[in-house]
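Visitor: here are the coordinates; sequence isn't available:
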């Protein structure tokens with residue numbers, strides 16, 4: 001079993017480990033629908049085990065919500081545009097295992113030194129913490145100016161202890177029907193402490209506090225902080241994702257014999273005794289098995305158009321899936337640099353809809369070359385979980401720009417040379433009460449598996465790591481039926497540091 005680079009990764013038990021063939025004796029044809037991280041992870045494992053894989057992606061590029069596409073500035077300079085900055089946290093064990101296929105040492109990932117949270121009233125930092133979660137909690141509590149002794153005496157200790165007591169059955173059983181906002185209210189943290197220390201967890205998966213499961217929030221706190229021995233300071237890609245991840249992954253898959261078809265949208269599945277038919281907007285494919293690894297709207301549309309997927313309970317679980325509020329990404333090419341010493345990435349709070357600021361010339365080579373040539377700066381602003389019905393993008397831009405000027409006042413006089421603005425609404429919702437209804441990777445039918453960052457997984461995970469892990473698990477679900485060895489899966493600890501478990 002290949003081990004991840006981190007010594008802190010815990011192997012996730014699956015009943016498939018051991019006693020299985022390393023590869024398929026024949027080459028069943030598997031159609032993977034969706035070329036995001038989940039689909040690419042599934043396709044990688046399947047083609048490595050000897051399957052004949054056809055991957056369908058409706059966009060002209062790979063990567064899904066982490067993808068990038070080619071664009072040009074007005075002066076003709078080419079660049080790769082993305083759907084916003086992504087942090088590669090060091091406990092993204094399964095995602096990193098996927099990326100090691102094309103860069104075994106992950107040389108395209110560069111470490112950051114800080115994860116600051118900026119607000120108009122003061123800043124917080126997640127740098128300088130140890131790799132021991134309980135010590136980190138104590139250190140952060142001790143050093144923050146927003147939690148004095150009187151404040152700590154008012155904190156609801158039993159509620160706060162739930163951050164250290166994550167255990168899947170207990171946490172989802174007790175807190176899934178509660179909103180994240182009401183749970184945070186129950187902590188009785190001072191407003192500034194809540195803003196600086198907890199806002200990032202509540203917003204980082206794009207869900208608003210009033211419509212997010214408290215259990216999902218507690219899982220994120222567990223995954224990113226209270227069970228994470230690899231720290232909250234993360235790595236960043238030093239190139240656009242298309243250059244360092246998705247083009248190399250496409251080459252890797254094609255070298256192993258996979259067929260990649262971009263610009264092709266799957267529309268429906270037809271179940272047959274001998275396998276599957278996949279109807280696309282171009283043609284119909286015959287498959288022995290299918291991995292459905294699209295985003296939530298496409299999954300719902302494909303299932304709705306597939307009457308032979310006739311298990312009523314499963315269809316009902318798909319029908320419960322929905323997307324959360326929209327988010328915005330605004331990349332700005334400014335005519336002057338930001339101040340020296342600015343962070344590559346900074347979370348923000350207390351400045352309207354602005355949730356973070358990225359300085360791209362400090363991140364990747366394309367922007368670095370542009371900034372060096374022009375003397376300017378490439379800054380990206382994000383707004384997560386926008387209020388429902390947000391349509392006035394001009395007002396939103398004004399608010400985002402005001403937030404940037406408040407926190408980075410040197411940008412107030414800068415002229416915008418170029419800009420790209422994206423408003424999207426396709427991230428999964430994790431609403432209160434949704435966990436029990438959420439579909440898993442396995443489906444009622446042999447030869448059909450589900451993957452994506454919306455599926456229910458049996459271990460704590462989130463965001464890009466959730467997508468990659470779901471893709472690995474979906475591939476292993478198919479391989480299990482063929483008696484072939486699965487892809488090992490890794491996780492942080494399955495339960496919180498305050499949960500005592502008897503030795504197995």
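Guide: The structure has been received and is ready for your questions. Nothing here was measured: the structure is a model prediction, and the numbers come from that model.
Visitor: Now the element after the helix or strand encompassing residue 184, going C-ward?
Guide: Here residue 184 sits within helix 180-187, counting by DSSP states H and E. Proceeding C-terminally, helix 180-187 gives way to helix 191-193 as the next helix or strand, assigned by DSSP H and E.
Visitor: give the contact list for the residue nearest to residue 473 when sequence neighbours are not counted.
Guide: In space, and not counting its chain neighbours, residue 473 is closest to residue 441: 4.7 Å by Cβ to Cβ, 6 or more residues apart in numbering. To be clear about C-beta, it is placed using only N, CA and C from the backbone, and glycine gets the same treatment. Applying Cβ atoms under 8 Å, 6 or more residues apart in numbering to residue 441 gives the contacts 449, 450, 451, 455, 457, 470, 473, 474, 477.
Visitor: So the protein: which segments form each domain?
Guide: Following automatic domain parsing, one finds the domains of the chain at 10-64+240-322+430-491, 126-226, 325-424.
Visitor: For the shortest one, give the mean pLDDT please.
Guide: Domain 325-424 carries an average pLDDT of 96.
Visitor: what's near enough to touch the closest residue to residue 217 other than its chain neighbours?
Guide: Nearest residue to residue 217, sequence neighbours excluded (Cβ to Cβ, 6+ apart): residue 180, at 4.0 Å. Residues near residue 180 by Cβ under 8 Å, 6+ apart: 202, 207, 209, 210, 212, 213, 214, 216, 217.
Visitor: swap the cut-off to 6 Å and go again
Guide: Going by Cβ atoms under 6 Å, 6 or more residues apart in numbering, residue 180 touches 202, 209, 212, 214, 217.
Visitor: Export those residues as TSV, with columns for neighbour count and distance to residue 324.
Guide: Putting those into TSV (neighbours: other Cβ atoms under 10 Å; distance: Cβ to Cβ, whole Å) gives the following:
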residue	neighbour count	distance to residue 324
202	23	12
209	19	11
212	27	8
214	26	15
217	26	13
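Visitor: Tell me the confidence at the residue nearest to residue 473?
Guide: Looking at residue 441, the pLDDT reads 98.
Visitor: same thing with the one 3 residues further on?
Guide: pLDDT recorded at residue 444 is 98.
Visitor: Likewise for residue 129?
Guide: Residue 129 is given a pLDDT of 67.
Visitor: picking that back up, put together TSV for the contacts of residue 180, with secondary structure and pLDDT on each row.
Guide: Putting the contacts of residue 180 into TSV (DSSP: H, G, I helix; E, B strand; the rest coil; pLDDT from 0 to 100) gives the following:
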residue	secondary structure	pLDDT
202	helix	68
209	helix	91
212	coil	95
214	helix	97
217	helix	94
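Visitor: Looking at those, spot the one nearest residue 290.
Guide: Taking Cβ to Cβ as the measure, residue 212 is the one of those closest to residue 290, at 30.9 Å.
Visitor: Just give the closest residue to the closest one, not the sequence neighbours.
Guide: What sits nearest to residue 212 in space, not counting adjacent residues and going by Cβ to Cβ, 6+ apart, is residue 180, at 4.1 Å.
Visitor: ok, now which ones touch residue 219?
Guide: By Cβ under 6 Å, 6+ apart, the neighbours of residue 219 are residue 460.
Visitor: same question but for residue 161, I mixed them up
Guide: Neighbours of residue 161 in contact, by Cβ under 6 Å, 6+ apart: none.
Visitor: ok, 10 Å please
Guide: For residue 161, the contacting residues are 496, 498, by Cβ atoms under 10 Å, 6 or more residues apart in numbering.
Visitor: Distance of it relative to residue 497?
Guide: 11 Å (Cβ to Cβ, to the nearest Å).
Visitor: before we move on, what about residue 257?
Guide: 45 Å.
Visitor: Now do the residue nearest to residue 473 against residue 174, distance only.
Guide: 25 Å.
Visitor: Next: residue 115.
Guide: 30 Å.
Visitor: So for the two, which residue has more residues nearby?
Guide: Taking neighbours as other Cβ atoms under 10 Å, residue 115 and residue 174 compare with residue 115 leading, 22 against 15.
Visitor: residue contacts, the more buried one?
Guide: Residue 115 touches 87, 89, 124-127, 129, 200, 231-234, 343-347, counting by Cβ under 10 Å, 6+ apart.
Visitor: hmm, 6 Å instead?
Guide: 126, 232, 233.
Visitor: now residue 50
Guide: Per Cβ under 6 Å, 6+ apart, neighbours of residue 50: 23, 24, 27.
Visitor: Please indicate which of these are buried?
Guide: residue 24 (16 or more other Cβ atoms under 10 Å).
Visitor: List just the nearest of the contacts of residue 50 to residue 144.
Guide: Using Cβ to Cβ, the contacts of residue 50 come closest to residue 144 at residue 23, 52.6 Å.
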